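Chemist: build me a model from this:
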Amino acid sequence: MNETPSFAKYSFGTQVRKSPFSDAALRWGAQGFSVYNHMYIPRDFGNPVQNFWNLVNEAILCDVSVERQVEITGPDAARFVQYLCCRDLSKMKVGQCKYVLITDQDGGIINDPILLKLGEFHFWLSIADSDVLLWAKGVAVGAGMDVRISEPDVSPLQLQGPKSRDILRAAFGEAPTELKYYWFMEYDWNGVPLVISRTGWSSELGYEIFLRDASYGDQLWEHLMAVGTRLGLKPGHTSSIRRIEAGMLSYHADMTLANNPYELGMDRLVDLEMEADFLSKPALLRIKNEGVRQKLVGLEIQGAPLPTPNNTFWCVKQGDASVGYVTSAVYSPRLQKNIALAMIDTSGTQMGTNLEIETEDDTRRCVVVQMPFHDPKKVLAAKS
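Modeler: Numbering: from 1, shown residues only. So this is what the prediction gives:
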């Protein structure tokens, strides 16, 4: 797709890739972009609070092509994918998605992708913001398994919100709307190959539409907006407000390579008893036996609404002692509270513990609370 003059003011040059939907997002009101997986992602359509309400009351269409796919094929593909991940995948079926952790030899989290099983020997890792392609290629060198690893021509959109099912039906018919939570189907859209999944980064009812031919990016976006606008669809971006409400973790913010699953409360994604071997098993067994010194918790922060999400890791104190840091904080207009995720020394993680945080502007009291802050059983995302 040729560059348009309007995109030039956002461009850093050819080292950062445009997505197949970048020009369409600009036409539909994108006002700012950031970089994720070496690609531009729209982050601003005007008012983030209005974007939140559009998501939770109607539906939004988001360019998330930055969720690059790492494709793993070959006779040993299933064994290799299991070797990368600490979750037991032995019962995973073709057409199913799973949220997994990719962990290194020290138990650190490299990425938290969605895994899609397209065939017995064919997988996609739909990744967060880190170089899984390079990691997987490096691990494969010493693994002694027959696999092929590449980044295919696949670019996802997210269609999220309570009206997303009606919009999907208008766009592609009945079949995709019958998908169960965390399942997908391959779909032929007038000769253009798609994968449609019942997944998304919003904790609302939603779908992801994976375009398998980048040259049709403009057409796919415009098709969805044409059928969806009359049903309430708005262009938008992933909502920090909604994902923090849901306790959804963002790589580089709430977790990094320095963190392990037990610190993040993700024990459910680690199976040390499975028969299959995986790369981080010895390290995670040691961490489990020794225990952790810090954990991620939810906080409610007192005071006036936070004007913007935090741009630095705010210090958390208990008395005069520093006991951790805020990873993500935002004001929720639905809950009418300031809410945050924070990594705290285990001594300060009991529910109801009173702490203080130091923002750039002031010091505020806060209390440790249960998370997710809203819809903890994911009823909205999983509803039939």
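Chemist: show me where the stretch 51-200 of the chain has its helices.
Modeler: Taking DSSP state H, counting those that start in this stretch as the criterion, the stretch 51-200 of the chain contains helices spanning 77-84, 132-143, 164-172.
Chemist: just the stretch 251-384 of the chain next, same as before
Modeler: Using DSSP H, counting those that start in this stretch, helices in the stretch 251-384 of the chain cover 281-290, 379-382.
Chemist: related to what we said a few turns ago, how about the helices of the stretch 51-200 of the chain, which one is nearest Tyr251?
Modeler: helix 132-143 (10.6 Å; CB to CB). All C-beta atoms are positioned from the backbone trio N, CA, C, and that covers glycine.
Chemist: can I get the closest one in PDB, CA atoms only?
Modeler: Extracted C-alpha coordinates of helix 132-143, given in PDB (Å, rounded to 0.1, in the frame of the first residue of the first chain):
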ATOM      1  CA  VAL A 132       9.000 -14.400  20.000                       C
ATOM      2  CA  LEU A 133      10.000 -15.200  16.400                       C
ATOM      3  CA  LEU A 134      13.700 -14.800  17.200                       C
ATOM      4  CA  TRP A 135      13.300 -16.600  20.600                       C
ATOM      5  CA  ALA A 136      11.600 -19.600  18.900                       C
ATOM      6  CA  LYS A 137      14.200 -19.800  16.100                       C
ATOM      7  CA  GLY A 138      17.000 -19.700  18.700                       C
ATOM      8  CA  VAL A 139      15.400 -22.500  20.800                       C
ATOM      9  CA  ALA A 140      14.800 -24.600  17.700                       C
ATOM     10  CA  VAL A 141      18.500 -24.600  16.900                       C
ATOM     11  CA  GLY A 142      19.200 -26.700  20.000                       C
ATOM     12  CA  ALA A 143      15.900 -28.500  20.400                       C
END
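Chemist: in the stretch 1-150 of the chain, where is pLDDT below threshold?
Modeler: Confidence mapping of the stretch 1-150 of the chain against pLDDT under 70 gives the ranges 1-5.
Chemist: wait, isn't Gln96 in contact with Tyr182?
Modeler: Yes. Using CB atoms under 8 Å, Gln96 makes contact with Tyr182 at a distance of 6.7 Å.
Chemist: what's the most centrally placed residue in the chain in contact with, if anything?
Modeler: Nearest to the mean C-alpha position of the chain, by CA atoms, centre = their mean, lies Trp201 at 5.0 Å. Taking CB atoms under 8 Å, 6 or more residues apart in numbering as the criterion, Trp201 is in contact with Val64, Gln158, Gln160, Thr238, Arg243, Met248.
Chemist: any idea how far Ile41 is from it?
Modeler: Taking CB to CB, to the nearest Å as the measure, Trp201 falls 12 Å from Ile41.
Chemist: what do you get for Gly119?
Modeler: Using CB to CB, Gly119 is found at 29 Å from Ile41.
Chemist: hey, what's in contact with both of Trp201 and Ile41?
Modeler: Shared contacts of Trp201 and Ile41, counting by CB under 8 Å, 6+ apart, come down to Val64.
Chemist: which one of Gly119 and Ile41 has more residues nearby?
Modeler: Of the pair Gly119 and Ile41, Ile41 is the one with more neighbours under other CB atoms under 10 Å, namely 24 against 11.
Chemist: so who does Met343 touch?
Modeler: Asp254, Asn259, Glu263, Gln294, Lys295, Leu296, Val297, Gly324, Tyr325, Thr327 are the contacts of Met343 under CB under 8 Å, 6+ apart.
Chemist: so who does Thr238 touch?
Modeler: Residues near Thr238 by CB under 8 Å, 6+ apart: Cys62, Val64, Gln158, Trp201, Ser202.
Chemist: tell me the two of those residues that are most distant?
Modeler: Using CB to CB, the contacts of Thr238 span at most 10.5 Å, a distance reached by Val64 and Ser202.
Chemist: got any residues that touch both of the two?
Modeler: Gln158, Thr238.
Chemist: which one's the longest strand in the protein?
Modeler: Assignment by DSSP state E gives strand 321-332 as the longest strand of the chain.
Chemist: residues contacting Pro156?
Modeler: Val64, Ser65, Glu67, Ser126, Glu208, Ile209, Phe210, Leu211.
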